[in-house]
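K.L.:
Provide a 3D model corresponding to the input given below.
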Amino acid sequence: MKNKRFHCLFEQSGTFKNEFKKIGYEAFDYDIQNEFNETDFVIDLFNEIENAYDNKDSIFDDIEETDTVIAFFPCTRFEDQVQMHFRGTAFQMKKYTDEQKLEYDLKLHRELSKLYELVTKLAIVCLRRKIPMIIENPYSSTHYLVKYWAIPAKIIDKDRTLRGDYFQKPTQYWFINCKPQYNMILEPQIWYKTKTINDTHNKTERSLISKEYANRFIREFIIPEEK
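P.N.:
Numbers count the residues shown, from 1 in each chain. Next comes the predicted model:
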């Protein structure tokens, strides 16, 4: 087994974890849910981030500088669609009174503020401990972290189907304490019929990444090219 471990936070599907294992690395999934029976550590990661930031005991105590964290951080309050909810123009809000819309604004803003604090504290924890970390989130020019975060994404993948995914869905990746490898992958890839977000109603399915995409992304950007 290669001397490096990968810790996949907010992943319960095992997709990236299992592709790391296929290549010969130790890897673990951490999430509060275990819907796919792949979560190695069923744990409240928000609480662990808060503890680590406050220098209390946490899972980060067992993560070393030679390891890498891959964080699929929840994006529900950072994406474009939430802006319609803030404006009260989402379809399900058409019968809301102005008072109801404003009360909902307060709720959304609290949730947005909390998630922003948590992703920022996660980055600070890894910076303090010199832990390499990659954060994944959907991409758009108006994504909240694109507009209001001090660290820019290193990779923006505007069409995931070109690396073998089901969705074109643009995705961005922040690299903290590490840099993308940019290895050349000279091999054919599997092509799936492209799915659209609008035609996929299951929230969990919309967030999934194909194993082919995960494998290719890992070998192209994360692990050093073998000589």
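K.L.:
all contacts plus neighbour counts: C-alpha atoms, from now on.
P.N.:
OK.
K.L.:
quick one: low-confidence ranges for the protein?
P.N.:
1, 189-206, 226-227 (pLDDT under 70).
K.L.:
quick one: buried residues of the longest helix seen in it?
P.N.:
Longest helix of the chain, by residue count under DSSP state H: helix 98-129. Residues 101, 104-105, 108, 112, 115-116, 118-126, 129 are the ones in helix 98-129 that count as buried (16 or more other C-alpha atoms under 10 Å).
K.L.:
Also stretch 4-13?
P.N.:
Buried residues in stretch 4-13 (16+ other C-alpha under 10 Å): 5, 6, 7, 8, 9, 10, 11, 12, 13.
K.L.:
hmm, who's touching that stretch?
P.N.:
16-17, 20, 25-39, 45, 66-74, 208 (C-alpha atoms under 8 Å, 6 or more residues apart in numbering).
K.L.:
Also stretch 121-133?
P.N.:
Here stretch 121-133 has contacts from 49-50, 52-53, 63-71, 174-178, using C-alpha under 8 Å, 6+ apart.
K.L.:
Restricted to strands, list those.
P.N.:
Mapping these onto strands (DSSP state E) picks out 68, 69, 70, 71, 174, 175, 176.
K.L.:
among the residues you listed, which two are most distant?
P.N.:
Using C-alpha to C-alpha, the two most remote members of these are 68 and 174, lying 12.8 Å apart.
K.L.:
Pull up the overlap in contacts between these two.
P.N.:
Common neighbours of residue 68 and residue 174 (criterion: C-alpha under 8 Å, 6+ apart): 133, 134.
K.L.:
any idea how far the residue positioned nearest the centre of the chain is from residue 85?
P.N.:
Nearest residue to the geometric centre of the chain (C-alpha atoms, centre = their mean): residue 72, 1.9 Å. Residue 72 is 23 Å from residue 85, where distance means C-alpha to C-alpha, to the nearest Å.
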